[in-house]
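Enquirer: give me a model of this one.
(one chain, ligands or ions: 1)
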Amino acid sequence: MSSKKLNSIMTDDKNYLFQNYGDRLPVCFVRGNTCFLYDQDGKKYIDFFSGIAVTSVGYGNRLLLRALHRQIDSLIHTSNWFYNREQNEAAKQLAEASFPGKTLFVNSGTEATEAAIKLARRYGLNQDQDRYQIVSFTNSFHGRTFGGMSATAQKKIHDGFGPLVPGFIYLPYNDATAFAKEVKKNRNICAIIIELIQGEGGIVIADHAFVKEVFRICSKNNILTIVDEVQTGIGRTGTLFAYQHYGIVPDIITLAKGLGGGIPVGAIHAKNFLPEFFPKGVHGSTFGGNHLACAAVAAVLKQVQNKSFLDNIKKVSAYFLERLNEIKQDVAFIKEVRGMGLHIGIELSIPGAPMVSKALARGLVINCTAEKVIRIMPPLTISLNTAQAGMKILETILMEERKSSDNT
Ligand SMILES: Cc1ncc(COP(=O)(O)O)c(C=O)c1O
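Expert: Numbering: from 1, shown residues only. Have a look, this model is predicted:
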């Protein structure tokens with residue numbers, strides 16, 4: 001697959017960049033259009049990955065580009081010392097799309113986690129000097145800064161960094177009894193943080209009964225509920241936010257990824273009783289919610305809130321789930337197909353990474369997480385035709401793999 005051009009790009013990567021991402025997949029994308037990417041040599045790919053669930057409205061989206069061009073031409077950044085119309089507009093749209101409340105803009109998912117846990121601690125400590133503990137759930141992922149990493153209940157993310165931020169309690173996911181037991185004996189919990197579909201953890205879906213019970217206990221015990229919608233938000237699961245599948249309304253949602261359609265931006269959106277716990281000077285960010293980022297947010301939200309936009313997600317999702325379940329009948333190493341909207345995981349009984357490389361060679365971008373889960377999360381604007389074309393490639397690879405595992 002390596003071309004001369006690619007070899008030189010790979011050499012520069014080795015020479016000039018930290019190698020914390022290891023060997024990247026052997027491709028350098030230079031252009032994108034709708035759900036297609038084009039590499040350094042002009043080869044076209046179907047994208048089932050959307051830059052880790054980021055390019056929500058696809059590549060070259062006319063409305064997003066128009067908003068960005070207009071904003072770049074007028075003003076990119078001024079800082080939070082000044083009023084900002086684009087922030088106002090983006091926050092207004094977020095409140096309309098989710099629940100009445102206020103928004104604080106940051107720059108990434110992990111910063112949204114930081115803001116949410118800092119807000120929860122201010123809230124808890126305001127009631128009692130020991131009320132600062134936060135429950136998170138096994139196999140979660142909430143980010144890589146110290147707060148985000150400490151909230152993340154996965155040892156492999158913690159390893160090698162010394163003491164974590166204290167005050168996190170890790171409880172089993174989908175186990176309401178364990179949560180009830182903890183709350184009964186521990187009066188110092190100020191909040192929970194939860195992904196309703198664990199993304200990095202392998203597209204693991206929270207049970208409705210578990211979520212309902214946890215939220216009931218939280219409400220009864222004045223424990224804040226933080227739903228991490230960094231990956232699931234902005235239409236990814238077929239509703240604007242994943243919590244809307246569960247008949248609950250969290251106190252705080254964290255957002256990033258799809259929020260800016262590719263422009264780095266994150267946010268927390270919180271119910272109206274919470275912003276007072278962040279009075280002047282206790283939290284902030286230089287870039288957070290700058291004019292350009294918020295112009296992107298407004299342009300994305302305007303589109304995602306369209307009924308036809310969400311209908312497309314549901315239609316393509318139904319196709320993926322049906323087709324993948326059909327394929328599963330013929331492929332013994334597919335253990336389970338699960339997901340909601342365009343956030344779908346294919347759990348295998350064998351490592352998924354080799355299939356990612358094979359797909360790439362055939363012009364399909366997919367991803368593997370948790371070692372054995374192939375993730376399908378294309379731009380939300382993907383057409384049924386493109387989804388079918390990509391599935392054809394994926395099916396070929398799965399069948400080839402089946403053949404070779406039959407032969408061994
Ligand atoms: C659920 C969830 N929360 C938080 C994060 C951290 O986001 P970021 O990488 O933008 O810091 C991620 C990233 O994958 C995520 O999936």
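Enquirer: for the closest residue in space to residue 245 that isn't next to it in sequence, give me its contacts.
Expert: In this structure, residue 245 finds its nearest non-sequential neighbour in residue 239, 5.9 Å apart by C-beta to C-beta, 6 or more residues apart in numbering. The C-beta positions use only the backbone N, C-alpha and C, and glycine is treated the same way. Counting by C-beta atoms under 8 Å, 6 or more residues apart in numbering, residue 239 makes contact with 245, 310, 341.
Enquirer: what about the second one, distance to residue 238?
Expert: Residue 310 sits 7 Å away from residue 238, going by C-beta to C-beta, to the nearest Å.
Enquirer: neighbour-wise, which of the two wins?
Expert: Ranked by neighbour count (other C-beta atoms under 10 Å), residue 310 and residue 238 place residue 238 first, with 23 against 17.
Enquirer: how much space between that one and residue 311?
Expert: Residue 238 is 9 Å from residue 311, by C-beta to C-beta.
Enquirer: same question, residue 295
Expert: According to C-beta to C-beta, residue 295 and residue 311 sit 26 Å apart.
Enquirer: low-confidence ranges in the stretch 201-350 of the chain?
Expert: Within the stretch 201-350 of the chain, no stretch has pLDDT under 70.
Enquirer: quick one, helices of it?
Expert: With helices called from DSSP state H, counting those that start in this stretch, the stretch 201-350 of the chain shows them at 208-220, 291-304, 307-330.
Enquirer: neighbour count winner among residue 295 and residue 311?
Expert: Taking other C-beta under 10 Å, residue 295 and residue 311 do not tie; residue 295 has more neighbours (28 against 11).
Enquirer: in this structure the more buried one contacts residue 66, no?
Expert: No: contact criterion C-beta atoms under 8 Å: residue 295 and residue 66 do not qualify, at 9.8 Å.
Enquirer: residues of the protein that sit close to the ligand?
Expert: 52, 108-110, 113, 141-143, 195, 199-200, 228, 230-231, 256 (C-beta under 6 Å from any ligand atom).
Enquirer: and those, which of them are in helices?
Expert: The helices in this structure, assigned by DSSP state H, contain 52, 109, 110, 113 from the residues of the chain next to the ligand.
Enquirer: ranking those residues by neighbours, who comes first?
Expert: Using other C-beta under 10 Å as the neighbour test, these are led by residue 113, with 31 neighbours.
Enquirer: residues contacting it?
Expert: If a contact means C-beta under 8 Å, 6+ apart, then residue 113 has 142, 143, 145, 147, 148, 151, 193, 228, 230, 254 as its contacts.
Enquirer: repeat that with 6 Å
Expert: By C-beta atoms under 6 Å, 6 or more residues apart in numbering, the contact list for residue 113 reads 142, 143, 148, 151, 254.
Enquirer: okay if I get those residues as a markdown table plus distance to residue 318 and neighbour count?
Expert: Formatted as a markdown table, the contacts of residue 113 follow (distance: C-beta to C-beta, whole Å; neighbours: other C-beta atoms under 10 Å):
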| residue | distance to residue 318 | neighbour count |
| --- | --- | --- |
| 142 | 30 | 31 |
| 143 | 32 | 25 |
| 148 | 34 | 26 |
| 151 | 33 | 31 |
| 254 | 28 | 31 |
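Enquirer: from the residues you listed, which single one is nearest the ligand?
Expert: Taking C-beta to the nearest ligand atom as the measure, the ligand sits nearest to residue 143 out of the contacts of residue 113, at 3.9 Å.
Enquirer: is the closest one in contact with residue 110, as I believe?
Expert: Yes: between residue 143 and residue 110 there is a contact under C-beta atoms under 6 Å: 2.7 Å.
Enquirer: could you give the average pLDDT over stretch 375-389?
Expert: For stretch 375-389, the mean per-residue pLDDT is 98.
Enquirer: what lies in contact with that stretch?
Expert: Stretch 375-389 is contacted by residues 35, 46-48, 50, 53, 55-58, 235, 313, 316, 319, 342-345, 367, 369 when judged by C-beta under 6 Å, 6+ apart.
Enquirer: how close does the residue nearest to residue 245 sit to residue 304?
Expert: Counting by C-beta to C-beta, the separation of residue 239 from residue 304 is 10 Å.
Enquirer: and residue 186, by the same measure?
Expert: 38 Å.
Enquirer: neighbour-wise, which of those two wins?
Expert: Neighbours were counted for residue 186 and for residue 304 using other C-beta under 10 Å; residue 304 has more, 24 against 13.
Enquirer: all strands for the stretch 1-150 of the chain, in order.
Expert: Taking DSSP state E, counting those that start in this stretch as the criterion, the stretch 1-150 of the chain carries its strands at 29-33, 36-39, 44-47, 101-106, 133-137.
Enquirer: which elements pack onto the third one?
Expert: When contacts are defined as 3 or more C-beta pairs under 6 Å, 6 or more residues apart in numbering; DSSP states H and E, strand 44-47 sits against strand 36-39, strand 364-365.
Enquirer: so of these, which one's packed in deepest?
Expert: Among these, strand 364-365 has the highest mean neighbour count (mean count of other C-beta atoms under 10 Å), at a mean of 22.
Enquirer: quick one, grab the pLDDT at residue 403.
Expert: 87.
Enquirer: likewise residue 1?
Expert: pLDDT, residue 1: 49.
Enquirer: with the one 10 residues further on instead?
Expert: Predicted confidence (pLDDT) at residue 11: the value is 97.
Enquirer: any idea how many residues pack against residue 80?
Expert: For residue 80, using other C-beta under 10 Å, the count is 16.
Enquirer: got a list of what the most centrally placed residue in the chain touches?
Expert: With distances taken as C-alpha atoms, centre = their mean, residue 231 lies nearest the centre of the chain, 1.5 Å away. Applying C-beta under 6 Å, 6+ apart to residue 231 gives the contacts 53, 199, 257.
Enquirer: cool, thanks, signing off.
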